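# Coordinates for the following, if possible.
(chains A, B and C)
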Amino acid sequence: MEFKAINIADFLYGTVEGDENISVSNVSRIEEGKPGTLAFLANPKYEKFLYETEASIVLVSRNFVPERPVSCTLIRVDDPYQSIASLLEMYQQAKMQKSGIEQPSYIDSSATIGDGIYVGAFAYVGAKAIVGKQAKIYPQVFIGSNVKIGSNTIIYAGAKIYDDTVIGDNCIIHAGVVIGSDGFGFAPTEDGSYKKVPQVGNVIIEDDVEIGANTTIDCSTMGSTIIRKGAKLDNLIQVAHNCEVGENTVMAALTGIAGSTKVGKNCMFAGQVGIAGHITIGDGVKIGAMAGVSNSIKAGKTVLGAPAMDHDRALKTYVVYRRLPEMRDQLIELQKEIKELKSKLNEE
Amino acid sequence: MEFKAINIADFLYGTVEGDENISVSNVSRIEEGKPGTLAFLANPKYEKFLYETEASIVLVSRNFVPERPVSCTLIRVDDPYQSIASLLEMYQQAKMQKSGIEQPSYIDSSATIGDGIYVGAFAYVGAKAIVGKQAKIYPQVFIGSNVKIGSNTIIYAGAKIYDDTVIGDNCIIHAGVVIGSDGFGFAPTEDGSYKKVPQVGNVIIEDDVEIGANTTIDCSTMGSTIIRKGAKLDNLIQVAHNCEVGENTVMAALTGIAGSTKVGKNCMFAGQVGIAGHITIGDGVKIGAMAGVSNSIKAGKTVLGAPAMDHDRALKTYVVYRRLPEMRDQLIELQKEIKELKSKLNEE
Amino acid sequence: MEFKAINIADFLYGTVEGDENISVSNVSRIEEGKPGTLAFLANPKYEKFLYETEASIVLVSRNFVPERPVSCTLIRVDDPYQSIASLLEMYQQAKMQKSGIEQPSYIDSSATIGDGIYVGAFAYVGAKAIVGKQAKIYPQVFIGSNVKIGSNTIIYAGAKIYDDTVIGDNCIIHAGVVIGSDGFGFAPTEDGSYKKVPQVGNVIIEDDVEIGANTTIDCSTMGSTIIRKGAKLDNLIQVAHNCEVGENTVMAALTGIAGSTKVGKNCMFAGQVGIAGHITIGDGVKIGAMAGVSNSIKAGKTVLGAPAMDHDRALKTYVVYRRLPEMRDQLIELQKEIKELKSKLNEE
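All right, here's what the predicted structure looks like:
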C-alpha cells in the first residue's frame, strides 16, 4: 500500500511542507530512514537525524523550527508521537484480520462463542466459558472453565487463563501470560512443612488492559485480584494474590508486587521494581527502576532506590554515596588534625 | 453447597459463639465480607474489620478477646489460618474432579499412564514417560521422553517438562513452568565466540513440591538439579543448573539462583533475591527482598540488602545510609570548625 | 554405549595416565563421581575431589601436577572444560535424532518446510513461514506468519514466535520463549489513559544464538530488534523493543534491557542486571549481578552496583558502605572532641 503526503496529512489533520505528492509504503526510525518510508520526530534529542535522514516524509510538531535546511517532506501535526500511533494503528488493523475457527481446536460444548471470533488451532476453551464477539484467541491458548472474555480482546499464542478469570473488552494478552494461577499461600505446620492454603478466588481484568509476554497474575485467595481499566503491564511481571492495580497504571518489565497490595491509578513503575505485600501505593505515584518499596506511598510522590526514598532525597543521597571513599578519607584526615590540635593544646 | 455454623465447627473441632444455624455458601475476606459468606481473622491488623464485616461467620483464634461487640457468628479454633486452609481444601477438592483423556492429545505408545488420570486436549506425553495414578495433565502440557511423574501430581496448562525429568507425588506445577531446559554453560573459544557445553543431566523434583507460574528450572550439566520434598517456589523464579533447593524451603517471585548453589532446608527467601553460583546457603536461612547474596551463609542467619549483610547490621547501616546527606553536612561543618580552631590556636 | 580411556584420549588428542583400557558409560561431576563414569577437573577449587572421586576417568589439564596420589585414570588435554564439552556434544547428538512430522500439527499450506525437519504434535506453522532444513520444531510451538527459521535451529516445546520474526541457523530457542511480542509503547492522552503505539517492526535473531526458557524479546516499533550472531541469553530475560544485543554477548537470568538500548559485542552481564533505555553499552563491557545501569558505558569497562559504578570504585565504596555505622560513631566522637577543644580553648 502506498500513501501520498497529502493524504497522510489529511488523515492526521496536518499540513505538508515540501512535496505533497511524494509517497511512502512503510515506516522507519528517523535515524535509519530510507527512501519510500515515513519517519517522525518527537524527541528533540533526535533532531540531528532530521537533517541527514533519507526518509521521504517526516512528521514533526506544528511549532517545530528546523535549525538547518531539511531535504525531506515535512508533515506538521499537533503531536507527532500520537500521529504516528494513529497511522500505525490503521496500518496494523488493515493487516490483522484473522477470523474463523481453525482445526483442531477444543471448544467445550457448554462454552459460548461470539460472532466474528478467531480461534486458532490447538486452542482450548473450557466448560461454560464465554468469549465475546470479534475476540481473537490464538493457537495453543488455554481458557479454563467459567472464564469470561470481552469483545475485541486479543489473546496471543499460548497464554493460559485459569478457571473463573474475567477479562474485559479491548484487552491484549500477550503470549505466555498466565492469569489466575494459585496465589503463594502456605500455612506452616509444626514439623516445618507447609500446608497449602487453597486459593479459591479469581482474577478480574477490566477493559483496555494490555499484559506483556510471560507476565503472571495470581488469583486471589478469596475474592478477586483486580487489574483496573486501561492499566498496561509489560513483560515478566509478577502480580501476587489479592492485589489491585489501578486505572491507567503502567509498569515496566520484571517488576514484582507482593500479595494484598493496592496500587492506585495513573502510577508509573519503571523496570525491576519490587513492592512489598499489604501496602498501599497512592494515585499518580512514580517509582524508579529497581526501587524496593516496603512501605505505603502517598499519592503523587516519586520515589527511587532500594530502600526507596523520596526522589530529591534519593538523588542527594546518591551523590554522597558515590563520594563515600573520599568522605572516609576526610574523616581520617579530621581525626589526625584533631589529634594534632589536642597535643598542641596540651603542650601549651 | 450450604454449610451451617455448627457443621463447620464440628469439622474444624471448633466452638460456635452466636447463631449455630446460620449458613454460608462461600468465603470472603473479612474486609469485604458479605452476608452468606465465611471470613477469618488471623492477622491482628485486621481486627478492626471484625466489628464492621457483613460476613455471617468469622473464624477466630480460641483465645481471641474482642474489644467491641461483634454482630456476626464466631467460630473459635486453634489456628484460624490453618482452619480456613482445611475448609478451602475441602471446597476445592469437591470442585476439581477432572478425569479422562480429552482428544486430540498425544500419548506415545511406549508411555505408561496411571489409573484415574486426566490428560487434557493437546497435551503431549513422550516416549517411555511414566505418569502416576490420579495425576492431572492439563491441556497443552509437554512431557518429554523418559519423564517420570508421581501420583496425584497436577501439571497445569502449558507447562513444559524436558526429557528425563523426575517429578514426585502430590506436586503442583503451574502453567508456563519450564523444567529441565539446558543449563547456561558455554566454553569461551579463542575467537570470542562460545561453544555450548551440552547439558546431559536432569531435574529431580521430590514429593509435595509446588512450582509457580512461568518459573524455570534448568537441568544439571551432569547429575541432577534437585528440588527437595515440600519446597515451594513462587512465580518467575530461575533455578540454574546443578542447584539443590532443600526440604520445605520457600522462595518468593522473581528470585534467581545461579549455578551449582546448594540451598538448605526450611529457608525463606523473599522476592527478587539474587544468589550467586557455587555457594551454600545453610538450613533455616532467611533472606530479605531484593537481597544480593554472593557468599555462603551459615544456618539460621537472616540477611538483608545488596550486598547482603546480617539482619541487625543491615538495619543499622540503612539508618546511617538514609542520613548520608546530613552526615556530609556535619563533616563539612567539622572541617570548618577545625580550620577555625587551628587558626585560633596559631593566632595565640 | 561404553568408551575406553584410550579411545576417548584419541578423540580429544589427549594422553592417558593410568589404565588405558578402563571404560565408562556415563559422565559425572568429580565430587559425585561413581565407577564407570568420566569426570573432569577444570576449576582448581575442585582439586580436592580428585583424590577421593570414584569416577573411573578424570580429564585434567596437560600441565596439571597432582599434589597427592590419584587412583583414577587421568586423561590429559589442553582444556578439560572444552574437552568435556566436545564429548558431551557427541553424546547428545547421538541421542537427539528426532525427525518427521507428528500428527496432529498445523502447517499452513503456504508455509515452506525444509528437508529432515522435525515438527512435533500441536505445533503451528503460520502462513508463508519458512523453516530451514534439519530444524526441530517441538510440540506446541507457535510460528506466526512470514516467520523465517534457519537450518539446524531447535525450537523447544511451547516457544511462541510472532509474525515476521527472522531466526538464523544453528539457534536454540528454549521452551516458553516469546519472540516478537509488542514493544511496550503507549502515548499518554489528556484524560490520563494511554493510546497504544502499534509495534509494526520485527525481531531478527542471527546465527548461533541461544535463548533461555521463558525469555521475552519484543519486536521493534518499526525496524528490528536484533540479537547478533553467537549471543547467549539465559532464562527469564527481557529485551525491550528496538534493542540490539551484540555478537557473542552473554547475559544471565532475570536481566532486563529497556527500549532502544544498544549492547556491544563480547559483553558479559551477570544475573538480574537492569539496563535503562536509549543508552549504549560498549564492546566487551562486564556488568556485575543486580547492577543498575542508567548511563552509557564505554567499551572494555567493568561496572558493579546500583547505581552502577566502575569496578574498583564500587569495591572501595562497598568497603566504606559496610562500615557506615562505625563511621557515624567516629563522626559523633569527633563532634564531641571538637566541642571539648573549643571550650578548652575558650577557657584559656
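# Could you list the contact residues of the stretch 151-300 of chain A toward chain B?
Counting by CB under 8 Å from any CB of the partner chain, the residues of the stretch 151-300 of chain A close to chain B are A:158, A:160, A:162, A:176, A:178, A:181-182, A:184, A:186-187, A:189, A:192-200, A:214, A:216, A:218, A:221-223, A:236, A:238, A:240, A:242, A:254, A:256, A:258, A:272, A:274, A:276, A:278, A:292, A:294. Using the backbone N, CA and C atoms, a C-beta is placed for each residue, glycine as well.
# List the backbone torsions phi and psi for the closest residue to residue A:182 other than its chain neighbours.
Closest residue to residue A:182 apart from its sequence neighbours, by CB to CB, 6 or more residues apart in numbering or on different chains: residue A:199 at 4.3 Å. In terms of degrees, to the nearest 10, the main-chain angles of residue A:199 are phi -110, psi 100.
# does residue A:199 really touch residue A:180, like I thought?
No. Applying CB atoms under 8 Å as the test, residue A:199 and residue A:180 come out as separate, 9.1 Å apart.
# what residues are shared contacts of these two?
Residues touching both residue A:199 and residue A:180 (CB atoms under 8 Å, 6 or more residues apart in numbering or on different chains): A:218-219.
# In terms of neighbours, single out the busier of these two.
A count of neighbours by other CB atoms under 10 Å in any protein chain shown puts residue A:180 above the other of residue A:199 and residue A:180, at 30 against 23.
# What helix or strand is the closest residue to residue A:20 other than its chain neighbours located in?
Leaving out its chain neighbours, the residue that sits closest to residue A:20 by CB to CB, 6+ apart is residue A:6, at 4.3 Å. Using DSSP states H and E, residue A:6 falls within helix A:5-12.
# buried sites along the helix or strand just after that helix?
Next helix or strand after helix A:5-12 toward the C-terminus (DSSP H and E): strand A:15-17. Buried residues in strand A:15-17, counted by 16 or more other CB atoms under 10 Å in any protein chain shown: A:16-17.
# ok, and what's touching strand A:15-17?
With contact meaning CB under 8 Å, 6+ apart, strand A:15-17 is reached by A:5-6, A:9, A:62, A:73-76.
# how about a cut-off of 10 Å?
Under the contact criterion CB atoms under 10 Å, 6 or more residues apart in numbering or on different chains, strand A:15-17 has outside partners A:4-6, A:8-10, A:22, A:57-58, A:60, A:62, A:66, A:70, A:72-77.
# Can you say which of those are buried?
A:4-6, A:8-9, A:22, A:57-58, A:60, A:72-77.
# Tell me which other helices or strands the helix holding residue A:6 touches.
If contacts are counted by 3 or more CB pairs under 10 Å, 6 or more residues apart in numbering or on different chains; DSSP states H and E, helix A:5-12 sits against strand A:15-17, strand A:23-24, strand A:57-61, strand A:73-77, helix A:80-95.
# average model confidence for it?
Per-residue pLDDT over helix A:5-12 has a mean of 92.
# Next, the angle from it to strand A:73-77.
Helix A:5-12 runs at 10 degrees relative to strand A:73-77, counting by axes from the mean of the first three to the mean of the last three CA atoms, to 10 degrees.
# Mind exporting the C-alpha coordinates of helix A:5-12 to PDB?
Output of helix A:5-12 as PDB, limited to C-alpha atoms (Å, rounded to 0.1, in the frame of the first residue of the first chain):
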ATOM      1  CA  ALA A   5       2.000  13.000   1.800                       C
ATOM      2  CA  ILE A   6      -1.200  15.000   1.100                       C
ATOM      3  CA  ASN A   7      -3.400  12.000   2.000                       C
ATOM      4  CA  ILE A   8      -1.500  11.300   5.200                       C
ATOM      5  CA  ALA A   9      -1.700  15.000   6.200                       C
ATOM      6  CA  ASP A  10      -5.500  14.900   5.600                       C
ATOM      7  CA  PHE A  11      -5.800  11.800   7.800                       C
ATOM      8  CA  LEU A  12      -3.800  13.500  10.600                       C
END
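# roughly how far out does it sit from the chain middle?
How far helix A:5-12 lies from its chain's middle: 30 Å, per CA atoms, centre = their mean, to the nearest Å.
# which residues are in contact with that helix?
So helix A:5-12 is contacted by A:3-4, A:14-24, A:38, A:56-57, A:59, A:72-80, A:82-84, A:86-87, A:90 (CB under 10 Å, 6+ apart).
# do that again at 6 Å, thanks
With contact meaning CB atoms under 6 Å, 6 or more residues apart in numbering or on different chains, helix A:5-12 is reached by A:16, A:20, A:22, A:57, A:73, A:75, A:77, A:83.
# Now the stretch 1-150 of chain A against chain C: closest residue?
residue A:88 (3.5 Å; CB to the nearest CB).
# Next to chain C in this structure, residues from the stretch 51-200 of chain A, please.
Listed as neighbours of chain C in the stretch 51-200 of chain A under the rule CB under 6 Å from any CB of the partner chain: A:81-82, A:85, A:88-89, A:92, A:104, A:121-122, A:139-140, A:157-158, A:174-176.
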